[in-house]
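Could you look at this predicted model? Sequence included:
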Amino acid sequence: MTKKFLCFDFDGTLVNSTLIKTIDTNQIFTALNISQESLQKVSSKYNLGIISGGSQSEVFSIVEKTYLNLFFDKKYIITKECTSKDKISGEPFILAKKQISNDYIFIGDSRSDEIGCIKANVTCYLMQNNSKVDLEKLIKLLTDQI
């Protein structure tokens with residue numbers, strides 16, 4: 001059986017957007033909203049991707065410097081440079097259907113994420129911005145469903 005894809009928003013979902021701007025490189029792990037153990041668990045049930053409104057250089061830099069690089073392949077990361085419109089338009093989510101998987105689940109943290117997913121006909125779970133607790137609960141819910 002082929003694993004389904006689970007895609008995440010980056011800034012505010014996987015990474016604490018407030019902390020990442022104020023800490024030095026040696027403390028970058030403290031800005032992640034998800035534990036390595038949770039990523040291990042969810043990656044055993046889903047293939048993982050990222051759909052971000054952030055720049056490729058910012059996203060790739062953080063992924064490479066953290067344990068996120070163990071779980072996210074760059075070919076499954078969509079950033080603002082990949083499309084001409086932002087997430088609320090639905091375009092990045094439609095591109096993900098073509099480049100990542102036609103059937104995926106998205107976890108985001110904003111109304112723009114939700115509206116974009118609706119336009120692209122993608123299942124979307126919303127969490128509170130920068131909430132480790134919300135993200136861990138969603139991961140548990142999604143991994144226990146399968």
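Yep, it's here.

show me what contacts Asp11?
With contact set as CB atoms under 8 Å, 6 or more residues apart in numbering, Asp11 has these partners: Ser17, Ile20, Ser52, Gly53, Gly54. Any C-beta I mention is one placed from the backbone N, CA and C, and that applies to glycine too.

7 Å instead, please
Ser17, Ser52, Gly54 (CB atoms under 7 Å, 6 or more residues apart in numbering).

Is it correct that the second one is in contact with Thr79?
Going back to what we said before, that points to Ser52. Yes. Using CB atoms under 7 Å, Ser52 is in contact with Thr79, at 5.2 Å.

Can you show me the helices along the chain?
17-20, 36-43, 56-65, 91-99, 111-120, 132-145 (DSSP state H).

Render the CA-only coordinates of the fifth one in PDB, please.
Spelled out, it's helix 111-120. Written as PDB, here are the backbone C-alpha positions of helix 111-120 (Å, rounded to 0.1, in the frame of the first residue of the first chain):
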ATOM      1  CA  ARG A 111      -7.200  31.400   7.500                       C
ATOM      2  CA  SER A 112      -5.100  31.800   4.300                       C
ATOM      3  CA  ASP A 113      -4.100  28.200   4.500                       C
ATOM      4  CA  GLU A 114      -7.700  27.100   5.000                       C
ATOM      5  CA  ILE A 115      -9.000  29.200   2.100                       C
ATOM      6  CA  GLY A 116      -6.300  28.000  -0.200                       C
ATOM      7  CA  CYS A 117      -7.000  24.400   0.600                       C
ATOM      8  CA  ILE A 118     -10.700  24.900   0.000                       C
ATOM      9  CA  LYS A 119     -10.000  26.400  -3.400                       C
ATOM     10  CA  ALA A 120      -7.700  23.400  -4.200                       C
END
